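> predicted model follows, preceded by the sequence.
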Amino acid sequence: MVDPLSSASTSLAYSVNRSRTDSAGQSASSSPVDVVTISDEAVRKYAAGLSDAASADQSGKDAARAEDSPWKLSGNLTHSERTLKNGHTEIIDIDGGSLTVREYDGDKLVKSVDGTMANGRAVLDTSYYDERGKVSQTIHAEMAPLETKNKWSGAVMNRSVTWFEDGQVSRTLGDEMYLRTRNIGEATVSVSGNEFSRMTGNLDSNGDTLIRKLTNEDHSLSYHADIQEFHDNKQLSRNFVIDQTGEYSQESNRHPVEVDGMGPMGTRELFHDTSLSVVSEEYDRDGNILRQASVTDSQVDGTGGKDGHQVQTADVSWYEDGELVKHGSGSFRLDEFDGHGLHKRPGILDLLGLKAEEYLTPEAQDSSELLGTKLAESSSAPEFFLEGLGRAAAKGQYGSAADMAEYGRHEQPFAVDWTTELYEDGEMVMRKQDSQQARNAPDRGVDDRLPFRTGGGLSDGDRPAVLQSASHSTELFEDGKTVAKESQEAREFLQPDEHGPDTLMTLADYDRLNDNGPDGVNVVYQGGIGEADPDPRAALRAMGAELDLTMDGVYEMYRDVRGRGQLGDKASGFRFKALD
């Protein structure tokens, strides 16, 4: 048959055989040829029908491809074009396990993404381009599920990021996010009125048999990052090594109504045990080290008001022309007490960049689903896994020591120590040691029943919750030997009085070593430690200053990594369905 679309004529001729060949194979007589004329309109309708059929066939193929593909676009499409909030145009194409994304500012390519997913492993390569069309940033990201064991699912994501300026590497980032999740199941059951009626045998007619439950989820997270920044002469400028781990327990209401006191679509942290380590190094343009710092922070806290505690350490060295001139180190422990909690730490949602509604799906998600919810963003935004830490640092949530040095916290147990060493020509010439401690005051016991006496001691509400102590010592050295030393120790205590309230007292011990030998004196003061020590918070101030300086550097690094300039949108319209 002649294709009418390939002929310029609007007339089609064909023969009509009036009889059929008989069973013996002999042909009967035929009638003359008939000619049928088909109008232009009929041809157009026929062509349109073929086009619609082809389009429907293609749509069916696209739908099948979309159904089979691990990538997902809204509407189950395989091709999408949209205008982004920044005015750019984004074009996405999916072909089975392959993904391509192109973002344009007018006719200029500003971002490209090429992804593949096979054998349960997603690989994405993202590039950003500057105004001249040169590559300004590349991101290689890989995500894969891990073996499920003992009800714990696992997933891991690795990324390698490189920034360029004028064709030269200006910064690199390599990191790994490792997540394990265990969904315990129902925590609490809320039974509807009708269900209660069924259980008691008194049925009503409201038909409401819904049982609503809270869920419990445990998460274990481990994150490691190496970040390097370079001067324009290719010398290393800054180096960061960040390690962050945490154990988290969540309780969640995945229903649009309140369940057992928890609001609709809500989740809360029941417990966390977190640890952070930051190592930072700064260099001048000649490659000489200027400052090296190592900071750790660990915190254990639950929903109670007095069982949490945190421990911080810092070790810092300062250099001039590559030579050590100052070294400081110390530790700080803070215990939670009734009415005095601990500073907040980033939760599991903060560290995974999830909103509550993204976390609270109808069913609790496994590790691959949680880590993959923001795959489009985490694979194209270098700051993604640093955002929780960066924001916490910006809010001063690691600055407990500096806060206490500035404002005090008189009813919270803590302990802090700090040592400062000064060097000349490679030799230590001075060492200063400071410490401060606050411990719970002993109970008064049976004496609490005694009436208070006006004057003569602490009044009824003034009994301290903690008793403080502080110490300071300064040593001078020559040729490695101590040539002079001064030290003082002061500690508060309660002077009991069986006829009234106890009296707060402070015992101070002052010692000195010089050319004339050692001497010292002990003094008892009525009142708190401030009566005997003009600077009891010296250790808090020194520890807080160095720790804050390091965490300020972490925030600056996060801000620099986040800066996008003329780059494209960090999020795209694609998602993934699942990692098998």
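All right, it came through fine.
> same for the helix or strand where Q250 lies, what does it pack against?
Element membership of Q250 [criterion: DSSP states H and E] is strand 236-253. Secondary-structure packing of strand 236-253 (3 or more C-beta pairs under 8 Å, 6 or more residues apart in numbering; DSSP states H and E): strand 211-230, strand 266-283, helix 348-352, helix 538-562. Any C-beta I mention is one placed from the backbone N, CA and C, and that applies to glycine too.
> 7 Å - rerun?
Contacts defined by 3 or more C-beta pairs under 7 Å, 6 or more residues apart in numbering; DSSP states H and E place strand 236-253 against strand 211-230, strand 266-283.
> including mean pLDDT, could those go into CSV?
CSV is the format used below for the helices and strands packed on strand 236-253 (pLDDT from 0 to 100):
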stretch, mean pLDDT
strand 211-230, 95
strand 266-283, 97
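> between those strands, which one is nearest to E406?
strand 266-283 (22.3 Å; C-beta to C-beta).
> for that closest one, name the packing helices and strands.
Looks like strand 266-283 contacts strand 236-253, strand 289-302, helix 356-359, helix 538-562 (3+ C-beta pairs under 7 Å, 6+ apart).
> in this structure V241 contacts Q228, no?
No - contact criterion C-beta atoms under 7 Å: V241 and Q228 do not qualify, at 9.8 Å.
> export the helices and strands packed on strand 236-253 to JSON lines and tack on mean neighbour count?
Formatted as JSON lines, the helices and strands packed on strand 236-253 follow (neighbours: other C-beta atoms under 10 Å):
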{"stretch": "strand 211-230", "mean neighbour count": "19"}
{"stretch": "strand 266-283", "mean neighbour count": "18"}
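> what's the closest of the ones you listed to Y129?
strand 211-230 (20.5 Å).
> from T126, how far off is F574?
In this structure, F574 and T126 are 12 Å apart, going by C-beta to C-beta, to the nearest Å.
> returning to that earlier point: and the strand holding Q250 with strand 266-283, angle?
With axes from the mean of the first three to the mean of the last three C-alpha atoms, to 10 degrees defining the directions, strand 236-253 sits at 170 degrees from strand 266-283.
> okay, the angle between strand 236-253 and strand 211-230?
Using the same axes, to 10 degrees: strand 236-253 against strand 211-230 is 180 degrees.
> now N514, nearest residue through space, not along the chain?
Counting by C-beta to C-beta, 6 or more residues apart in numbering, A484 is the residue found nearest to N514 once chain neighbours are left out, at 5.3 Å.
> does the one you found sit in a helix, a strand or a coil?
strand (DSSP: H, G, I helix; E, B strand; the rest coil).
> and R132, by the same measure?
coil.
> wait, what's in contact with it?
By C-beta atoms under 7 Å, 6 or more residues apart in numbering, no residues touch R132.
> which stretches of this protein have low pLDDT?
1-66, 186-210, 410, 444-462, 564-567, 578-580 (pLDDT under 70).
> what residue is smack in the middle of it?
Nearest residue to the geometric centre of the chain (C-alpha atoms, centre = their mean): L351, 2.0 Å.
> D560: neighbour count?
Look at D560: counted by other C-beta atoms under 10 Å, it has 16 neighbours.
> look up how far E247 lies from it.
In terms of C-beta to C-beta, D560 sits 30 Å off from E247.
> ok, A401 next?
Taking C-beta to C-beta, one finds A401 at 24 Å from E247.
> more neighbours: these two, which one.
Neighbours were counted for A401 and for E247 using other C-beta under 10 Å; A401 has more, 28 against 16.
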